[in-house]
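Chemist: Using only what follows, build the 3D model:
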Amino acid sequence: MSPEIRARFDSEFAPRIAQRILSLYGHGDVRAEVVPADGQGSAACVEVTALTSTVGLPNPLNVRLAWRDDAIEALLAERDSSRFDRYLAALPVTIEQWQLALPVDFGSRTQRDREIVIGDLDFAA
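Modeler: Numbers count the residues shown, from 1 in each chain. The predicted structure is shown next:
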């Protein structure tokens with residue numbers, strides 16, 4: 001991935017994903033932050049952590065989201081933002097799908113493992 005594409009994703013798209021995730025929770029329930037690129041050519045990740053939790057799985061929510069380089073490149077090659085807008089709108093459904101596949105409960109803001117990386121993501125809505 002070129003440095004220009006990576007920088008654009010990190011500054012324009014990743015913050016919007018973090019903001020959308022925050023909008024799904026009450027104030028002070030979670031933190032969603034853009035984690036800068038690792039310097040190895042990958043784009044930024046979004047880290048979602050619980051600030052509060054309810055009864056559920058043994059550990060508080062601590063999830064890192066990472067997207068595939070080719071998915072980022074394809075997204076940024078598009079002329080308009082309609083695909084990304086659909087992705088943001090569909091995030092609640094996407095989160096439900098993650099919960100079916102992984103030991104994580106975004107509703108209670110808990111998970112089985114101490115850390116979970118949900119990687120190899122794309123922008124399908």
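Chemist: contacting residues around the residue of the chain most remote from its centre?
Modeler: In the chain, the residue that sits farthest from the middle, by CA atoms, centre = their mean, is Val55; the gap is 23.2 Å. Val55 is in contact with Ser108, counting by CB atoms under 8 Å, 6 or more residues apart in numbering. C-beta here means a position set from N, CA and C on the backbone, and glycine is covered the same way.
Chemist: check which helix or strand covers it.
Modeler: Using DSSP states H and E, Val55 sits within no helix or strand.
Chemist: So for it, what's the pLDDT?
Modeler: Val55 is assigned 86 on the pLDDT scale.
Chemist: And for Ala90?
Modeler: pLDDT for Ala90: 97.
Chemist: Is it in contact with Ala125, as I believe?
Modeler: Yes: using CB atoms under 8 Å, Ala90 is in contact with Ala125, at 4.0 Å.
Chemist: now the closest residue to Leu22 other than its chain neighbours: how far from Ala74?
Modeler: Spatial nearest neighbour of Leu22, chain neighbours left out: Ala32 (4.8 Å); criterion: CB to CB, 6 or more residues apart in numbering. Here the distance between Ala32 and Ala74 works out to 24 Å (CB to CB, to the nearest Å).
Chemist: the more surrounded of the two?
Modeler: Between Ala32 and Ala74, counted using other CB atoms under 10 Å, Ala32 has the larger neighbour count: 21 against 13.
Chemist: Helix, strand, or coil at the more buried one?
Modeler: Put simply, Ala32 is strand when judged by DSSP: H, G, I helix; E, B strand; the rest coil.
Chemist: ok, what's across the strand from it?
Modeler: Val48 (DSSP bridges).
Chemist: quick one: contacts for it?
Modeler: 17-19, 21-22, 46-48.
Chemist: Out of those residues, which two sit at the greatest distance?
Modeler: Gln19 and Glu47 (13.6 Å; CB to CB).
Chemist: Between those two, which is the more surrounded one?
Modeler: When Gln19 and Glu47 are compared for neighbours, Glu47 comes out ahead with 18 against 13, by other CB under 10 Å.
Chemist: And the pLDDT for that one?
Modeler: For Glu47, the pLDDT comes out at 97.
Chemist: quick revisit: Throw the contacts of Ala32 into TSV and include distance to Trp67, thanks.
Modeler: What follows is the contacts of Ala32, written out as TSV (distance: CB to CB, whole Å):
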residue	distance to Trp67
Ile17	9
Ala18	13
Gln19	16
Ile21	14
Leu22	18
Val46	9
Glu47	13
Val48	14
